[in-house]
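After the sequence you'll find the predicted model.
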Number of protein chains: 2
Amino acid sequence: MNQYSTSKKAPKTSRGRQTREKLVQAAEIEFGERGFYEAAISGITQRAGVALGTFYVYFDSKEEIFRALVEYMGRLTRGWIAERVAESPNRLTAERRGLEAFIDFVRGHRNLYRIVSEAQFVAEDAYREYYGAFAAAYRDNLQQAGERGDIRDGNYDIWSWALIGMNVFVGMRYAAWEDSLSSAEIAASITDLIGSGMSRGEAS
Amino acid sequence: MNQYSTSKKAPKTSRGRQTREKLVQAAEIEFGERGFYEAAISGITQRAGVALGTFYVYFDSKEEIFRALVEYMGRLTRGWIAERVAESPNRLTAERRGLEAFIDFVRGHRNLYRIVSEAQFVAEDAYREYYGAFAAAYRDNLQQAGERGDIRDGNYDIWSWALIGMNVFVGMRYAAWEDSLSSAEIAASITDLIGSGMSRGEAS
DNA sequence: TTAGAAGTTGAATATTGATTCATGTTTCAC
DNA sequence: GTGAAACATGAATCAATATTCAACTTCTAA
């Protein structure tokens, strides 16, 4: 299983791989700006600088390139975050760095939200896999942190989804929609919340 | 400003209001099942039991009824939650009840997610208003709880979006996608997380 | 050098469904 | 009882674009 997953149309030469890559990157812009249905294949091929027919050399349909794009964005995002979270001294620091990285990523890929959330209709399985992959990785990290005694016990499955949701919504509001606050400020505020909770310490 | 907002086509009689209401409810199903673009006006009118042309008596376009639907769902959701959160003894209890109510709501309106998130492309302003209204209400609640000394200080704006994100994602995963866990269980796990945080209590 | 595999081209096809509109029906104030 | 406003109807229009395809070009192994 490679990055071309199930397609019968995988490129065989490096020239072909380049063209396919150009198409996927053009699709990021076209789908991001116009949404799946308003996006035109001709828009993608124009942006990629190839002829309309070339599209069908590499993809069977509009839906197929969209799926490929969602997977591509997922790999890109997870890779970017994993790199910047690596070797954090503890889970809370990893959370902070992860959110910072995510916000920075969104600021460089404004179309991420539109693309990913449209996958819900266009390719629901791709959508579930997208977040499922994040959740699985998150859960493992929490598990390990729990075993190290780094964090409290809890239902880490549920926690993972909750933490992803926080990241996604904070990213949407403060990175995709507006960027007056620095990623560090935002991440600090969130880390404070999930580190100590919102209750006052009186009961303990 | 009423629920028909800017439309020039507001119904004038109760017969008209009924027909319009039937159309919006049919739209919830049609848009929810097929998504905005695959949804057909004829599908909406058939479900509502009226003729195709009747649609244009009440709405100028497919987009307009979609906007109306998003607003309608927002009012419905907020109303439902507010009712079940009212008169909670403290903020954490309110959080728990709110999430429980939300999960139950989603289980009765499986199409909520598809509709709301598709609004991102179809009617971005309606989408922002949808979550903006939630966030504003949330922020006010946190503010009041903070003033009462019920919760710690923090950036309540950011916290609001984080908490909404948690609710949305947990609801998606455990209510829209799967419902093996009870809303009470889920809410308890989340309340635990946001109440006390994930750090162990050693430092304090 | 060359065959054929891989890649490229863009005009033509074919389907789909949103919106219009001319006509018919119901309601009700007077 | 009547006229007008409100409401309801569904066949016809029309624009948009995903996909196909037959011809052409580039590359590479032997």
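On my side now, so go ahead.

Who are the packing partners of the helix-or-strand element of chain A with minimal mean pLDDT?
When each helix and strand of chain A is scored by mean pLDDT, DSSP states H and E, helix A:112-122 comes last, with a mean of 90. With contacts taken as 3 or more CB pairs under 8 Å, 6 or more residues apart in numbering or on different chains; DSSP states H and E, helix A:112-122 sits against helix A:14-38, helix A:62-85, helix A:91-108, helix A:124-147, helix B:14-38, helix B:112-122. C-betas here are computed from N, CA, C, even on glycine.

what stretches of chain A score poorly on pLDDT?
A:1-3, A:5-8, A:201-204 (pLDDT under 70).

okay, now the domains of it?
A:11-59, A:62-196 (automatic domain parsing).

Out of those domains, which one sits most buried?
A comparison of the domains of chain A by mean neighbour count, using mean count of other CB atoms under 10 Å in any protein chain shown, puts domain A:62-196 on top with a mean of 19.

anything in that one near DNA strand D?
Yes - judged by CB under 7 Å from any atom of the strand, domain A:62-196 comes into contact with DNA strand D at A:Lys62, A:Glu63.

Report the distance from that domain to the chain centre.
7 Å (CA atoms, centre = their mean, to the nearest Å).

Do any residues in that domain lie close to DNA strand C?
No - remark: domain A:62-196 sits outside contact range of DNA strand C, by CB under 7 Å from any atom of the strand, the gap being at least 13.7 Å.

That domain: end-to-end distance?
Using CA to CA, to the nearest Å, the end-to-end distance of domain A:62-196 comes to 46 Å.

likewise stretch A:104-118?
One end of stretch A:104-118 sits 22 Å from the other (CA to CA).

again with stretch A:145-157
Note: stretch A:145-157 ends 14 Å apart using CA to CA.

ok, now stretch A:108-115?
End-to-end distance of stretch A:108-115 (CA to CA): 14 Å.

and for it, what are the contacting residues?
If you take CB atoms under 8 Å, 6 or more residues apart in numbering or on different chains as the criterion, stretch A:108-115 is touched by A:28-29, A:31-33, A:35, A:69-70, A:73, A:76-77, A:105-106, A:171-172, A:176, B:120-121.

before we move on, which element is the closest residue to DNA strand C within chain A in?
Here chain A gets closest to DNA strand C at one residue, A:Gly53, 1.6 Å apart by CB to the nearest atom of the strand. Counting by DSSP states H and E, the element that carries A:Gly53 is helix A:52-58.

Packing partners of that helix?
Right, helix A:52-58 is packed against helix A:14-38, helix A:41-48 by 3+ CB pairs under 8 Å, 6+ apart.

Point out the other helices and strands that the shortest one packs with.
In terms of contacts (3+ CB pairs under 8 Å, 6+ apart), helix A:41-48 is packed against helix A:14-38, helix A:52-58.

so can I have a markdown table of those showing distance to DNA strand D?
A markdown table is the format used below for these (distance: least, CB to the nearest atom of the strand, whole Å):
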| stretch | distance to DNA strand D |
| --- | --- |
| helix A:14-38 | 6 |
| helix A:52-58 | 4 |
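
Which one, of the ones you listed, ends up nearest to B:Gln18?
helix A:14-38 (31.8 Å; CB to CB).

And chain B, is the closest one touching that?
Yes - against chain B, helix A:14-38 shows contacts by CB under 8 Å from any CB of the partner chain at A:Gly35, A:Phe36, A:Tyr37, A:Glu38.

Pull the residues that contact that helix.
Contacts for helix A:14-38 (CB under 8 Å, 6+ apart): A:11, A:39-40, A:43-45, A:47-50, A:54-55, A:57-59, A:62, A:65-66, A:68-69, A:72-73, A:109-112, A:114-115, A:118, A:121-122, B:36-37, B:121-122.

change it to 7 Å
For helix A:14-38, contacts defined as CB atoms under 7 Å, 6 or more residues apart in numbering or on different chains pick out A:11, A:39, A:43-44, A:47-48, A:50, A:54-55, A:58, A:65-66, A:68-69, A:72, A:111, A:114-115, A:118, A:122, B:37, B:121.

quick one: A:Lys62 and A:Ile41 touch, right?
Yes - with contacts counted by CB atoms under 7 Å, A:Lys62 reaches A:Ile41, the gap being 6.0 Å.

Get me the contact residues on chain A for chain B.
Residues of chain A that fall close to chain B, judged by CB under 7 Å from any CB of the partner chain: A:35, A:37, A:92, A:113-114, A:117-118, A:120-121, A:149, A:151-152, A:154-155, A:158-159, A:161-162, A:164-166, A:168-170, A:173, A:186, A:189-190, A:192-201, A:204.

All set now, cheers.
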